[in-house]
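> My questions are about this predicted structure, shown below with the sequence.
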Amino acid sequence: MNTYKASNGAQFTDADINRWAQEAENNFADAGLEVTPVAPRAWEIKKEVSRPHTIRIADSLWKLIEQDADRKNMSVDDWIRNASTQALTHA
């Protein structure tokens, strides 16, 4: 069994990972958490076709978007879709 070390120094094993995965599969039923389902957006359920579109954007802004997307472990496409969706739903 492998032992791992988290960025905060906590150690965990394969057994911990398997337990956490099972808890997630069970919607954290034993964790006392309440999970609220969220309706998927059109592109997430593949009912709406996504096509490439060209936009003009300053290189400096593009670099900031790339950096933030990388920090959040997401693609630039996903970052732009999320930002656009948030701007439109909070308008």
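Everything's here; your move.
> just how off-centre is the lowest-mean-pLDDT helix or strand in the chain within its chain?
Lowest on mean pLDDT, DSSP states H and E among the helices and strands of the chain sits helix 14-25, with a mean of 86. When distances are taken as C-alpha atoms, centre = their mean, to the nearest Å, helix 14-25 is centred 19 Å away from the chain's centroid.
> how about the CA coordinates for the helix or strand following it, as CSV?
Once the chain leaves helix 14-25, the next helix or strand it forms, by DSSP states H and E, is helix 59-71. Extracted in CSV, the C-alpha atoms of helix 59-71 (Å, rounded to 0.1, in the frame of the first residue of the first chain):
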residue,chain,number,x,y,z
ASP,A,59,-2.1,39.7,-25.6
SER,A,60,-1.7,40.9,-22.0
LEU,A,61,-5.3,40.0,-21.2
TRP,A,62,-5.0,36.6,-23.0
LYS,A,63,-1.9,35.9,-20.9
LEU,A,64,-3.9,36.7,-17.7
ILE,A,65,-6.7,34.4,-18.8
GLU,A,66,-4.2,31.6,-19.5
GLN,A,67,-2.5,32.0,-16.2
ASP,A,68,-5.8,32.0,-14.2
ALA,A,69,-7.1,29.0,-16.2
ASP,A,70,-3.9,27.1,-15.4
ARG,A,71,-4.2,28.0,-11.7
